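Asks: One predicted model, sequence on top.
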There are 2 protein chains.
Amino acid sequence: MKNHPFDKAIKLAAQEDGSWLGHTSASYANMVGPFGGVTAAQALNAVLVHPDLLGEPISLTVNFAAAVTHGPFIVQARAARTNRSTQHWIVEMIQAGQTVLTATVVTATRRETWSLDEESMPACPLPEHVPLPTTAIPMEWVKRYEVRPIVGGMPEVWDASGHSSLSQLWVRDNPPRPLDFASLAALADIFFPRVFIRRATFVPIGTVSMTVYFHANGQQLADTGKGYLLGQARAQAFRNGFFDQTSQLWNEAGSLLVTTHQVVYYKE
Amino acid sequence: MKNHPFDKAIKLAAQEDGSWLGHTSASYANMVGPFGGVTAAQALNAVLVHPDLLGEPISLTVNFAAAVTHGPFIVQARAARTNRSTQHWIVEMIQAGQTVLTATVVTATRRETWSLDEESMPACPLPEHVPLPTTAIPMEWVKRYEVRPIVGGMPEVWDASGHSSLSQLWVRDNPPRPLDFASLAALADIFFPRVFIRRATFVPIGTVSMTVYFHANGQQLADTGKGYLLGQARAQAFRNGFFDQTSQLWNEAGSLLVTTHQVVYYKE
């Protein structure tokens, strides 16, 4: 999939000092700067391509320290601790000599154990029965995802009428692309800010920190392939400038691939 | 509260190189090594006592990179980015020259905005109507908390009979201590491993990563004082060696103080 815009977006070039050089992608431009999900995927990718990598991602936390501007960036990824079957990474993304993102990643080799999804996929119509949204959203990154909102779509009227922050939607890359850890990290950030849904009121926002727990291994992602994911998101608390959102992504077979959380700045 | 075991446990001494020297606390000993919640609080405290600190904690992620052993440790806390109203910290805890914990912390100055708790406190009996558990748990740290389990307490019989990982409980420090950010970070780790509750089967476990979102500011914590917190925890997925747990802590007035998540290693 070397020609897919996502693969181009997360491409990193090894530097002599062990860091990685990347570039923001116009294909994933947001209103200001790039879509945060792709920035998270770029940070994760510095671990995924690292020659010292042990195992597969279990946990990723990215902290958006400053606005990323369109242009080149450096990613530094350091294995702070390597155990027999787990590894702990510290990652920083740098633009013009300043840190714009900090991250930690835990990777591990998994073995088969007793397993169970306690959070079952909610009952939903099949993706082919859910129409595409009629409201056009101008940001470029939104066009890189095929989103079919089931409940809690973007408000059609901003009349402060919201009563729940719950959203459910089908989503996949556009054009479709086989799922992997990097694209799943980006998909974890697909949900519009809960404050928009809950209030039907537009306020300035910005994600501050996002954590992704990967429940699937690489084989399960490969088996998911180009299929749709069912995404669900809701807020738990909005308080004095920051709210959280808690989300899940299942594949069409009903397996929970990711649980993810973020805390988001909002104004007013 | 300088004589409270928790204050003694999180005490750090400034070192000449800008790092902090601490010591594990016998009062919070777990089966092997210290209780992870206090380790998280020690890591957070290196930011809280730092002379460069801006604002109050919004988000904390701690990654337990290796078993912490009883004895001294060094904590390094670096402000990777300081903005006008937010600050991004990278923290490492070191024992015998090796990294045993990595963490990131986001702090911010808050201002008053429209606010709402979407996740309401579940209906529960008052703390004084919930008896203390009859099963004695031998670990020392368990004695430092007064826990009154409502549902989903520690299994009385390990007969593989579990059917839900949901727990609800009242909790406060023992002896009672006015709530602050450090003690709240430790309380976020109060919930027994969900795999024990769900399976009523004992398996080896260890928390790998924990994220805490602080919805309350310092004033709200001071107002909560020595009161009980209502804690709720459940798992979303158990898969091939790792499960997650998602939790909330409300004060008695029903205000959501913290939402928190962790991913935990388990065997078998």
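Replies: The structure has been received and is ready for your questions.
Asks: And the helices in chain A?
Replies: A:5-10, A:36-48, A:181-187, A:194-199, A:218-224 (DSSP state H).
Asks: Let me know which of the ones you listed is tucked in deepest.
Replies: Compared across the helices of chain A, helix A:36-48 shows the largest average neighbour count, a mean of 27 (mean count of other CB atoms under 10 Å in any protein chain shown). Glycine gets a C-beta too; all of them are placed from N, C-alpha and C.
Asks: Quickly check: it near chain B or not.
Replies: No - using CB under 8 Å from any CB of the partner chain, helix A:36-48 never reaches chain B; the gap is at least 12.0 Å.
Asks: okay, and the helix or strand of chain A with the least pLDDT?
Replies: helix A:194-199 (a mean of 92; mean pLDDT, DSSP states H and E).
Asks: Quick one: residues in contact with that one.
Replies: A:152, A:154-155, A:160, A:162-167, A:201-203, A:205, A:233-235, A:238, A:243, A:245, A:264, A:266, B:114, B:116, B:118 (CB atoms under 8 Å, 6 or more residues apart in numbering or on different chains).
Asks: and it, how far from the chain's centre?
Replies: 19 Å (CA atoms, centre = their mean, to the nearest Å).
Asks: Can I get that helix in PDB, CA atoms only?
Replies: Extracted in PDB, the C-alpha atoms of helix A:194-199 (Å, rounded to 0.1, in the frame of the first residue of the first chain):
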ATOM      1  CA  ARG A 194     -17.800  15.200  22.400                       C
ATOM      2  CA  VAL A 195     -18.500  18.800  23.500                       C
ATOM      3  CA  PHE A 196     -19.800  19.500  19.900                       C
ATOM      4  CA  ILE A 197     -22.200  16.500  20.200                       C
ATOM      5  CA  ARG A 198     -23.300  17.100  23.800                       C
ATOM      6  CA  ARG A 199     -24.000  20.800  23.400                       C
END
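Asks: before we move on, back to that, which of the helices of chain A has the lowest average pLDDT?
Replies: Taking each of these in turn, the one with the lowest mean pLDDT is helix A:194-199, at a mean of 92.
Asks: tell me the pLDDT at A:T201?
Replies: A:T201 carries a pLDDT value of 87.
Asks: Next: A:P176.
Replies: At A:P176, pLDDT is 98.
Asks: For burial, what's the neighbour tally of it?
Replies: Per other CB atoms under 10 Å in any protein chain shown, the neighbour tally for A:P176 reads 14.
Asks: And A:G231, by the same measure?
Replies: Neighbour tally, A:G231, other CB under 10 Å: 23.
Asks: Specify the beta-bridge partners of it.
Replies: Taking DSSP bridges as the rule, A:G231 bridges to A:L169, A:L249.
Asks: Please report the distance of it from A:W89.
Replies: Separation of A:G231 from A:W89 (CB to CB, to the nearest Å): 26 Å.
Asks: Just the buried ones from the contacts of helix A:194-199?
Replies: A:152, A:154-155, A:162, A:165-167, A:205, A:233-235, A:238, A:243, A:245, A:264, A:266, B:114, B:118 (16 or more other CB atoms under 10 Å in any protein chain shown).
Asks: In the stretch 1-150 of chain A, where is pLDDT below threshold?
Replies: Residues of the stretch 1-150 of chain A that meet the criterion pLDDT under 70 lie in A:1.
Asks: What parts of it come near chain B?
Replies: Counting by CB under 8 Å from any CB, the stretch 1-150 of chain A comes close to chain B at A:58-59, A:61, A:63, A:65-66, A:80-81, A:83, A:86, A:88, A:90, A:92, A:98-100, A:102-104, A:106, A:108, A:110-119.
Asks: ok, now with 6 Å
Replies: Selection of the stretch 1-150 of chain A residues close to chain B by CB under 6 Å from any CB of the partner chain yields A:58-59, A:61, A:63, A:65-66, A:80-81, A:88, A:90, A:99, A:102, A:104, A:106, A:110-113, A:115-119.
Asks: out of those residues, which are inside strands?
Replies: In this view, the residues of the stretch 1-150 of chain A next to chain B that belong to strands under DSSP state E are A:58-59, A:61, A:63, A:80-81, A:88, A:90, A:99, A:102, A:104, A:106, A:116-117.
Asks: Could I get the residues you listed in TSV, plus columns for distance to B:T39?
Replies: Shown next, in TSV, are those (distance: CB to CB, whole Å):
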residue	distance to B:T39
A:I58	19
A:S59	17
A:T61	17
A:N63	20
A:A80	16
A:R81	14
A:H88	14
A:I90	17
A:T99	25
A:T102	20
A:T104	15
A:V106	16
A:L116	28
A:D117	30
